[in-house]
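# from the sequence below, what's the structure:
(one chain, ligands or ions: 1)
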Amino acid sequence: FEIVSAPIFDERNIIKGVVLVLYDISDLKQLEVMRKDFVANVSHELKTPITSIRGFSETLLDDDLKDKEIARQFLGIINEESRRLQSLIQDLLTLSKLENEDSKLELTLVNTRKLIDDVIPVLKQQADQKGIQLIIDNDSEIDFLADLNGIKQVMINLVANAINYTPKDGRVTLNVKEEQDFIHLCVKDTGIGIPKEELPRIFERFYRVDKARSRNTGGTGLGLAIVKHIVELHKGMIEVESELNTGTTFHLYFPK
Ligand code: ADP
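Model prediction:
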């Protein structure tokens, strides 16, 4: 609470009381804590790849580069870490655009079959490399009002996660259904699953169940925060169900 006080005087100018106003500032305080956490997280996430790029490039500069094999290995790490920085910055820009008060959706009629046809090629290679089958479970074709780029980003993030967190030779299934007032899209995988107690937190920025695993697969920890934002801008809903070592399903509901 923040307290503001003021004395009350009587007609002879003698203090006869005090008014105390208590302001509940817990929401403000919480926002402030979240903002500080976010800045600390971003700084940490940027620092890790930069430290590694600097370390390996300095070693290369000091070295006489006789051992071509080692030089190649170090350059590989530098390349990988700069890619990580690039995706992190890209995701941060996307989030900041979405959080901008005037961010608006460009609504057009989106066809679900076209949407899936656009999304699959982006991730096909990644799936093939792990021997993961990308399956389209039903071919119902529905038109609904949405922001095409936003919805594509949602699907790409969910399918990319499904591939990342599914061991090789697994399956990722996409499904589209028309319900009474909603278009229901599903992304289902046969992956590692998410522990029940972690489920409520996975949409938070930078929250990862397993930091090392997320990093190894190129994750920024921002994918689901972006997904949730876009879904909410559409006045839609996202739900997740998961079983450890069996798989995870994300359900998206968009108003018709
Ligand atoms: P990341 O870049 O780490 O994948 P996300 O915001 O996309 O970040 O996801 C947050 C975390 O949720 C991930 O680090 C992972 O632990 C968990 N997660 C997301 N999708 C899946 C999935 N399909 N299967 C298992 N875990 C998942």
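# quick one: the longest helix seen in the chain to chain centroid distance?
Once the chain is assigned using DSSP state H, the helix that runs over the most residues is helix 26-62. Distance, stretch centre to chain centre, for helix 26-62: 17 Å (Cα atoms, centre = their mean, to the nearest Å).
# what packs against the next helix-or-strand element following that helix?
Downstream of helix 26-62, the next assigned helix or strand under DSSP states H and E is helix 68-99. On a contact count with 3 or more Cβ pairs under 8 Å, 6 or more residues apart in numbering; DSSP states H and E, helix 68-99 meets helix 26-62, helix 223-233. Any C-beta I mention is one placed from the backbone N, CA and C, and that applies to glycine too.
# now those helices in a markdown table, with distance to the ligand, mean neighbour count and mean pLDDT?
A markdown table is the format used below for the helices and strands packed on helix 68-99 (distance: least, Cβ to the nearest ligand atom, whole Å; neighbours: other Cβ atoms under 10 Å; pLDDT from 0 to 100):
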| stretch | distance to the ligand | mean neighbour count | mean pLDDT |
| --- | --- | --- | --- |
| helix 26-62 | 11 | 12 | 90 |
| helix 223-233 | 3 | 20 | 96 |
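# pLDDT below threshold where in the protein?
Along the chain, segments meeting pLDDT under 70 span 139.
# which residue lies farthest from the center of it?
residue 12 (64.5 Å; Cα atoms, centre = their mean).
# and the residue nearest the centre of this structure?
Centre-most residue of the chain, counting by Cα atoms, centre = their mean: residue 223, 2.2 Å.
# how about the secondary structure of the residue lying closest to that residue once chain neighbours are set aside?
Leaving aside its chain neighbours, residue 223 sits nearest to residue 157 (4.3 Å; criterion: Cβ to Cβ, 6 or more residues apart in numbering). Under DSSP: H, G, I helix; E, B strand; the rest coil, the three-state class of residue 157 is helix.
# all strands for the stretch 101-250 of the chain, in order.
107-111, 133-136, 143-147, 171-178, 182-189, 237-243, 247-255 (DSSP state E, counting those that start in this stretch).
# okay, the angle between the first one and strand 143-147?
The directions of strand 107-111 and strand 143-147 differ by 130 degrees, with axes from the mean of the first three to the mean of the last three Cα atoms, to 10 degrees as the criterion.
# could you say what helices and strands strand 107-111 packs with?
So strand 107-111, by 3+ Cβ pairs under 8 Å, 6+ apart, packs with strand 143-147, helix 148-164.
# hmm, who's touching the shortest one?
Read it as strand 143-147. 105-112, 183, 230, 233-234, 254, 256 (Cβ atoms under 8 Å, 6 or more residues apart in numbering).
# now the longest one
Contacts of helix 148-164 with the rest of the structure, by Cβ under 8 Å, 6+ apart, involve 94, 105-106, 108, 110, 115-116, 118-119, 122-123, 126-127, 130, 132, 134, 172, 174, 185, 187-189, 191, 217-219, 223-224, 226-227, 230-231, 233-234, 248, 250, 252, 254.
# tell me what angle that helix forms with strand 247-255.
Using the same axes, to 10 degrees: helix 148-164 against strand 247-255 is 170 degrees.
# helix 148-164 and the ligand in contact?
Yes - for helix 148-164, a contact with the ligand is found by Cβ under 6 Å from any ligand atom, at 161, 162.
# list, one by one, the residues from this structure near the ligand.
Near the ligand, when you scan the chain using Cβ under 6 Å from any ligand atom, you find 161-162, 165, 189, 191-194, 202, 207-210, 214, 219-225, 248.
# one more time with 5 Å
Residues of the chain lying close to the ligand (Cβ under 5 Å from any ligand atom) are 161-162, 165, 191, 194, 202, 208-209, 214, 219-221, 223-224, 248.
# give me the buried subset of these.
Of the members of those, the ones counted as buried by neighbours, 16 or more other Cβ atoms under 10 Å, are 161-162, 165, 191, 194, 202, 208, 214, 219-221, 223-224, 248.
# in a markdown table, list the helices and strands packed on helix 68-99 along with distance to residue 142.
Compiled in a markdown table, the helices and strands packed on helix 68-99 are given as follows (distance: least, Cβ to Cβ, whole Å):
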| stretch | distance to residue 142 |
| --- | --- |
| helix 26-62 | 37 |
| helix 223-233 | 17 |
